[in-house]
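> Here's a sequence, model it:
(one chain, ligands or ions: 1)
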Amino acid sequence: MNGDLARTANCGGCGRIVARHANRGGIGGVVSTPPMFTLARHPNRGGIGGDAASPPMFTVSSPPIFIAKACRPGITLLVAALVLATVAPAVAYEEIVVKDGGTLGGHVKFAGTPPTLEPLPVNKNRDVCGDRKASEALVVGTDGGVRGAVIFLEGVAKGKKPTGEVLLDNHKCLFVSHVTATTVGTKARVKNSDGILHNTHGFLAKVTVFNLALPNRDQMIDITKRLTKPGVVRVLCDAHPHMFAWMIVHDSPYVAVTDEHGVFKIDSIPAGTYKVTMWHEGFRPKGVDKDGRPTYDEPRTITKDVTIAPNGAATLDFELR
Ligand SMILES: [Cu+2]
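As a prediction, this is how the structure comes out:
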């Protein structure tokens, strides 16, 4: 899903056509991921797009740009043509009974010595929040496992029914959990467990998808209907600049967040070959923005291929560095 998709095809022996088109949304992302090369359009229907600035899912495909090499030797013409965008029908995820589904498990580990992140100063309500909070942009366990990385299968059109729900809690002036993952249409709520005002503000590609004032303890607001598009939702508290979180809204339930050991598991996967992407929010400190919020480098993704056999158990490990 990351970055551009690129396609290379022969031109009847007379050169080469390279078609590049922008990703149609998806969790875009990054930096460490090589572009995907494929002979056909990737079936991703949007998915999770990279950084917070990535565009949300579009049902209108991005216009490809064709760059053609001329047939005559010695002469190379570069022709850039903008092809009108075609309207692709929005494909809804279809829930089916998955027979002989397989599992995918693995680890996300930090390679080398992780950076030490400075604690974040608290600007108000210090009687409740304390003076500072540890940054959760990178949480690495003693075993090197990275907590809060997200693993997802791309382009799964049919599969298991989503289960569970997401509850994003404002708890002791932190978002719990710092990273959550859900599926479009699955129940999601925001809660305030503190007796002070939190204002939970979610952005998808810089567009507000929810903006919730939660002045009361144990207040709860349902945001299921606000999460209509897959993508990476950056969550901030307008009252407390040290508070930030990420909610990954995927286009299928084949998504998981790593635990404190960097372990993930995804089950009931229909047999087949998939692209699997690991997303992490980014963690190299960049300073603070105008509101005093800590900033880190861009989210990063790594994409790998995996084949799931009927009733099989596949393993994939990812390294963050
Ligand atoms: Cu707050």
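
> What secondary structure category should be reported for S135?
Secondary structure, DSSP: H, G, I helix; E, B strand; the rest coil: S135 is coil.

> Let me see the contact set for it.
Each residue near S135 by CB atoms under 8 Å, 6 or more residues apart in numbering is listed here: L117, E118, P119, L120, P294. Quick note: C-beta positions are derived from backbone N, CA and C, even for glycine.

> of those residues, buried ones?
L117, L120, P294 (16 or more other CB atoms under 10 Å).

> Which two of the contacts of S135 have the greatest separation?
Longest distance between any two of the contacts of S135 is 10.0 Å, between P119 and P294; criterion CB to CB.

> for the helix or strand hosting V306, which positions count as buried?
Per DSSP states H and E, V306 falls inside strand 300-308. The neighbour-count check on strand 300-308 (16+ other CB under 10 Å) flags R300, T301, I302, T303, V306, I308 as buried.

> ok, and the closest non-adjacent residue to the third one?
The shortest distance from I302 to any residue other than its chain neighbours is 4.7 Å, reached at M278 (CB to CB, 6 or more residues apart in numbering).

> Tell me which other helices or strands the strand holding V306 touches.
strand 102-110, strand 272-280, strand 313-320 (3 or more CB pairs under 8 Å, 6 or more residues apart in numbering; DSSP states H and E).

> Show me what the host helix or strand of G287 is packed against.
Here G287 sits within strand 285-288, counting by DSSP H and E. Counting contacts by 3+ CB pairs under 8 Å, 6+ apart, strand 285-288 is packed against strand 294-296.

> So what sits opposite whichever residue of the stretch 51-200 of the chain sits closest to the ion in the bridge?
Using CB to the ion, the single residue of the stretch 51-200 of the chain nearest to the ion is H198, 3.5 Å away. Counting by DSSP bridges, H198 is bridged to L214.

> Likewise for the one 5 residues further on?
Judged by DSSP bridges, the bridge partners of F203 are T208, R234.

> Number of residues surrounding it?
Residues lying near F203 (other CB atoms under 10 Å) number 18.

> which residues does it contact?
F203 neighbours (CB under 8 Å, 6+ apart): A52, V209, V233, R234, V235, L236.

> how about the residues of this protein that lie near the ion?
H198, C237, A239, H240, M243 (CB under 5 Å from the ion).

> Export those as CSV, with columns for pLDDT, neighbour count and secondary structure.
Below are the residues of the chain next to the ion laid out as CSV (pLDDT from 0 to 100; neighbours: other CB atoms under 10 Å; DSSP: H, G, I helix; E, B strand; the rest coil):
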residue, pLDDT, neighbour count, secondary structure
H198, 98, 26, strand
C237, 98, 22, strand
A239, 97, 20, coil
H240, 98, 23, coil
M243, 98, 25, coil
